[in-house]
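Next input, structure requested:
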Amino acid sequence: MTKEVKQEHEPIPKPISIGCTLFREPLDCSNRGEHLLAWQQLIDPLKGNKDTPFEIQYEPYYETGYWQDIVGLLNTNLPNLSVHSPIRCRDIASENASDYKFAVTETCRAMDLAHALNSQVFVLHLTPHDNWEKRQEQLERGLESLAELTDYKNKNGYGFQTLLETLEWPKSPSNLTETVSVLQRAKYIDPHIGFCVDVAHLWHNLVWLSPEADRNVNFPEKLREYLNTTEKVAPIRRFHIGGSYIDLSRNGGVHQTHGVPGQYNAHNPGQLYYDSPPPDFNGIWMPVNDVSAEIKKFINKKGGRSGLKDTDIILEIHEVDMETQINGVNSMLNSINNPKL
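Numbers count the residues shown, from 1 in each chain. As a prediction, this is how the structure comes out:
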């Protein structure tokens, strides 16, 4: 009879933290009072979720100073917060000198907010806007902005880690080769740089957007390679994930990258398709369970190595209420911990 040998040093998997974004439409806040009320109404239903990570995607102009009104409100009720850099009408890789300067200044204010909220990470789009003809020049300006922002962060003694994010082609970085190159260059600017893997963006690039896209690509396999390779260059501290598919049965195709994971459309919100596409679906479907399994394996493997900070997941769902987002978080927790939905 073979004696079972116990692995004494096998790491015990930690619970995986999953949260979502906090966002308010700037055009719905025409004055300071409306702005504060809108954020109060956003936060009130979330007060029982103090351990949930939330990423603030704050898009009103920082120059108004309205952002300062919500610091105390957020700190009191939601202690596990981080900040995403502003991208609406703010392009830190812009060719226009005044637009470039304004965007960098606004991003510095976003860093002020991250510091005020005791955030551990700050998520940054290196090239926020599409530039199909001059991708390399755009990337160079983004890296110049990163140098300015890193200098600002260091001079102010801010302790959060800046995370560059996977973006959709033609924005950078978009694929594995480009990501490795960008992260290597970014580390010369900021040795403490980290990485945020946006799974939806990466999937969209590989199956449709980038010049080498292949709609039949084995995405979970490519994701595994992407994670294991980029982690050797800069630590992955965060995942962004959203429900992703391309519906080719409609005119022009419907490209969804930030929906509820597993949900085909709003007509049947109670039905989730995690293992395979919906019946009669015509298009390309990102398999939620397979992707969740790869993320889980990566986080558990990383969590077993001492001295590394935790990696979390932010569910990035656009244009839905917080109840839907929280339901999506709970659903993703089930997928991560019991992938049999």
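
Does anything pack onto whatever helix or strand Ile313 lives in? Which helices or strands?
For Ile313, the host element (DSSP states H and E) is strand 312-315. Applying 3 or more CB pairs under 8 Å, 6 or more residues apart in numbering; DSSP states H and E, we find strand 312-315 packed against strand 18-22, strand 236-241, helix 322-337. For the C-beta atoms, the positions are set from N, CA and C on the backbone; glycine is no exception.

what about Val254, distance to Gly283?
Distance, Val254 to Gly283, using CB to CB, to the nearest Å: 8 Å.

and those two? which has more neighbours close in?
Per other CB atoms under 10 Å, whichever of Val254 and Gly283 has more neighbours is Gly283, with 17 against 13.

can you pull the contacts of the spatially most central residue of the chain?
Centroid-nearest residue in the chain: His240, 3.3 Å away (criterion: CA atoms, centre = their mean). For His240, the contact set (CB atoms under 8 Å, 6 or more residues apart in numbering) comprises 165-166, 196-201, 313-314, 316.

hmm, which of the residues you listed are the buried ones?
Neighbour-count burial (16 or more other CB atoms under 10 Å) is assigned, among the contacts of His240, to 165-166, 196-201, 313-314, 316.

Tell me which stretches of the chain form strands.
For the chain, the strands defined by DSSP state E occupy 18-22, 54-57, 81-84, 121-124, 161-165, 194-198, 236-241, 243-247, 254-259, 283-285, 312-315.

Quickly run through the sheet partners of the first one, with directions.
Read that as strand 18-22. Applying DSSP bridges, strand 18-22 is found paired with strand 54-57 (parallel), strand 312-315 (parallel).

With mean pLDDT and distance to Tyr273 added, can I get these in TSV?
As requested, the strands paired with strand 18-22 are exported to TSV (pLDDT from 0 to 100; distance: least, CB to CB, whole Å):
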stretch	mean pLDDT	distance to Tyr273
strand 54-57	96	26
strand 312-315	95	17
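
Tell me which of those strands lies nearest to Ser119.
Set against Ser119 and scored by CB to CB, the strands paired with strand 18-22 come closest in strand 54-57, at 8.6 Å.

Just give the closest residue to Lys297, not the sequence neighbours.
Nearest residue to Lys297 in three dimensions, chain neighbours excluded: Arg224, at 7.9 Å (CB to CB, 6 or more residues apart in numbering).

Contacts only, for the one you found.
Going by CB under 8 Å, 6+ apart, Arg224 touches 294, 297-298.

Now a ChimeraX select for only the buried ones of those.
Listed next is the ChimeraX selection for buried residues among these, using 16+ other CB under 10 Å:
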select :294,298
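
Looking at the contacts of Arg224, which are in helices?
294, 297-298 (DSSP state H).

that older thread, Lys232: which of the contacts of His240 is nearest?
Val197 (13.7 Å).

what sits against the closest one?
Counting by CB under 8 Å, 6+ apart, Val197 makes contact with 165-166, 226-227, 230, 236, 238-240.

buried set for stretch 256-269?
Buried, per 16+ other CB under 10 Å, within stretch 256-269: 256-264.

Which single one of the residues you listed is nearest to Thr177?
Nearest member of the buried residues of stretch 256-269 to Thr177, counting by CB to CB, is Thr257, at 21.5 Å.
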